[in-house]
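Student: This is a predicted model, with the sequence first.
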Amino acid sequence: MVKMNENFSKLQGSYLFAEIARRTAEYTTANPEKKLIKLGIGDVTKPLSNVVISAMHRAVDDMADKSTFMGYGPYEGYEFLREAIVRHDYAPFGAPIRADEIFVSDGAKSDCGNIGDIFAEDNVVAVCDPVYPVYVDANAMSGRAGDWDGKRWTNIVYLPCNEQNGFIPELPVRTPDIIYLCFPNNPTGAVATKEQLRIWVDYARRNDAVIMYDAAYREYISDSGLPRSIYEIGGAEECAIEFNSFSKTAGFTGTRCGYTVIPKALKRGGESLNDVWMRRQSTKFNGTSYIVQRGAEAVFSEQGEKEYREIIAYYMNNARVIKKGLEDAGLAVHGGVNSPYIWARTPDGMPSWDFFDKLLREANVVTTPGAGFGPEGEGFIRLTGFGDAEATKQAVERVVGVL
Ligand SMILES: *Cc1c(COP(=O)(O)O)cnc(C)c1O
């Protein structure tokens, strides 16, 4: 008789966004005349830019002609895209990353989740608290998280991120083998400085640990002193894997394209992690669509960059409007600068689900309760700049009106 992977049965049933959708649907059914505004979404709303669309149209035409048709592509992605990534993301700050260290994929979520395949089950994993749930659940599925004790996983090292440490984690007491970091951070909007990343890179090298660095929001950084990649820190090429995505940079959430960097200098137990990941990908992955990779290449053209910067500026203006409105109303607000996420403290220590319900019912605004991202998220809500500008302004007025 078939036996199921029992780790799945340990996972928490009510997934955060499912619960938000349930409460929202319940309210709309009871109050069909109310118009809700969603400020909780972690999805972009603007369409793909013109150069990206043109590039994909041309790629569709390539597929229609025998002389330009493309079948299976390279597992690691086409060279034209990997070279464009090096030129755009790494060469400008002198990072020692080459095209043969880049793996193109269908998005950062798959890679963040799948990377665990190449590591032994008994590695100790550290995550920030609050955290993007993918890192935790993916490790729980492969048996690396221990058991759920009602609040936390028994074998995960939680790195508290709170107002006291400015939402940048401190080094833990128990030494982990695998450390997930994400800056600009989802959900807190915090961004680590080079000095702060340097501490983690040195720590990982000292302890033979590997950092999983999620840089999905790197293009939201406007402060030129802040690092957009972990490879801006010397030595990171010996201890860090970096995940990137076209989703938040260029609106590819529905189009699907990401890229993971595994430097050749990153070795553990005498093995090159780049080689092992290539072995994994060539077995379980058959590449990202040629059409999508041509669209992604266009993102990094001169015109492509100009177009995505305009869209990001639009989202960041929404973030400013939210941040200013809530601050003026007296809330403690974090993020919203160099990040599309705003992390706001609930008034008078109200539990985050209670504040979520209050804003849903009284302001008709949907947010994300911080408790859904981990125990340290209690007492906060997450708002995003990804909505429509006019609706965002209106939502902020409504929220401020019920505080
Ligand atoms: C949105 C997001 C991603 C990107 O995921 P894709 O699969 O590339 O769409 C990665 N990490 C974090 C923290 C995110 O919020």
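Tutor: That came through, no problem. Only a predicted model underlies this, so the values are computations on that prediction, with no experimental measurement involved.

Student: C-alpha from now on. contacts and neighbour counts both.
Tutor: OK.

Student: Can you pull the poorly scored residue ranges out of the stretch 1-150 of the chain?
Tutor: Along the stretch 1-150 of the chain, the model assigns pLDDT under 70 to residues 13-14.

Student: Spell out the residue ranges of the strands in it.
Tutor: Assigned by DSSP state E, counting those that start in this stretch, the stretch 1-150 of the chain shows strands spanning 37-38, 102-105, 125-129.

Student: what's the spacing between the lengthiest helix in the chain and its chain's center?
Tutor: In the chain, assigned by DSSP state H, the helix with the most residues is helix 302-328. Distance of helix 302-328 from the chain centroid (C-alpha atoms, centre = their mean, to the nearest Å) equals 17 Å.

Student: Quote the end-to-end distance of stretch 160-173.
Tutor: Stretch 160-173 has an end-to-end distance of 12 Å (criterion: C-alpha to C-alpha, to the nearest Å).

Student: Now do the SS call for Ile241.
Tutor: strand (DSSP: H, G, I helix; E, B strand; the rest coil).

Student: how many neighbours does it have?
Tutor: 24 (other C-alpha atoms under 10 Å).

Student: Please apply the same query to Tyr90.
Tutor: Tyr90: 18 neighbours (other C-alpha under 10 Å).

Student: nearest residue to it other than its sequence neighbours?
Tutor: Ile97 (6.3 Å; C-alpha to C-alpha, 6 or more residues apart in numbering).

Student: I'd assumed Val86 was in contact with that neighbour.
Tutor: Yes. If you go by C-alpha atoms under 8 Å, Ile97 and Val86 touch, sitting 6.8 Å apart.

Student: Establish whether stretch 25-45 and the ligand are in contact.
Tutor: No. Using C-alpha under 6 Å from any ligand atom, we find that stretch 25-45 stays clear of the ligand, coming within 6.7 Å at best.

Student: which ones are touching Trp148?
Tutor: 10-11, 154 (C-alpha atoms under 8 Å, 6 or more residues apart in numbering).

Student: quick one: pLDDT of Leu331?
Tutor: With respect to pLDDT, Leu331 scores 97.

Student: which residues touch it?
Tutor: 344-347.

Student: Kindly report the same for Phe8.
Tutor: 140-141.

Student: Same check on Tyr132?
Tutor: With C-alpha under 8 Å, 6+ apart, Tyr132 has these contacts: 186-187, 373.

Student: Nearest spatial neighbour of Gly287, chain-adjacent residues omitted?
Tutor: Tyr75 (4.9 Å).

Student: That neighbour: neighbour count?
Tutor: For Tyr75, the neighbour count with other C-alpha under 10 Å is 20.

Student: likewise Glu310?
Tutor: Around Glu310 there are 12 other residues, counting by other C-alpha under 10 Å.

Student: how close does it sit to the ligand?
Tutor: Distance of Glu310 to the ligand, computed by C-alpha to the nearest ligand atom, to the nearest Å: 19 Å.

Student: Which positions in this protein make contact with the ligand?
Tutor: 107-109, 132, 186, 214, 216, 245, 247, 253, 258.

Student: run the last query once more with 8 Å
Tutor: Contacts of the chain with the ligand, taken as C-alpha under 8 Å from any ligand atom, map to 42-43, 106-112, 132, 182, 185-187, 214-217, 243-248, 252-254, 256-258.

Student: Give me the subset of these lying in helices.
Tutor: Filtering the residues of the chain next to the ligand for helices - DSSP H - leaves 108-112, 247-248.

Student: Select from those the one having the most neighbours.
Tutor: Ala108 (24 neighbours).

Student: for stretch 1-18, which positions count as buried?
Tutor: 7, 10-11, 16 (16 or more other C-alpha atoms under 10 Å).

Student: and if you look at stretch 119-136?
Tutor: Buried, per 16+ other C-alpha under 10 Å, within stretch 119-136: 123-133, 135-136.

Student: Stretch 383-390 now?
Tutor: So, applying 16+ other C-alpha under 10 Å, buried residues of stretch 383-390: 383-389.

Student: would you list the residues you listed in TSV and tack on pLDDT and secondary structure?
Tutor: TSV is the format used below for these (pLDDT from 0 to 100; DSSP: H, G, I helix; E, B strand; the rest coil):
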residue	pLDDT	secondary structure
Leu383	98	strand
Thr384	97	strand
Gly385	98	coil
Phe386	97	coil
Gly387	96	coil
Asp388	96	coil
Ala389	97	helix
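
Student: Pick out the residue closest to the middle of the chain.
Tutor: Ala216 (4.8 Å; C-alpha atoms, centre = their mean).

Student: Contacts only, for that residue.
Tutor: Ala216 touches 108, 182-184, 243-249, counting by C-alpha under 8 Å, 6+ apart.

Student: Could you report the distance from it to Pro340?
Tutor: For Ala216, the distance to Pro340 - C-alpha to C-alpha - is 11 Å.

Student: quick one: common contacting residues for the two?
Tutor: In contact with both Ala216 and Pro340: no residue, using C-alpha under 8 Å, 6+ apart.

Student: circling back: out of the strands of the stretch 1-150 of the chain, which is closest to Lys358?
Tutor: strand 37-38 (13.9 Å; C-alpha to C-alpha).

Student: Just give the strands next to that closest one in its sheet, each with its orientation.
Tutor: strand 365-366 (parallel) (DSSP bridges).

Student: Show me what the partner strand is in contact with.
Tutor: 24, 36-40, 356, 359-360, 395, 398-399.

Student: Show me what the mean pLDDT comes to for that strand.
Tutor: 98.

Student: which among the contacts of Leu331 gets closest to the ligand?
Tutor: When these are compared for distance to the ligand (C-alpha to the nearest ligand atom), Ala344 wins out at 17.5 Å.
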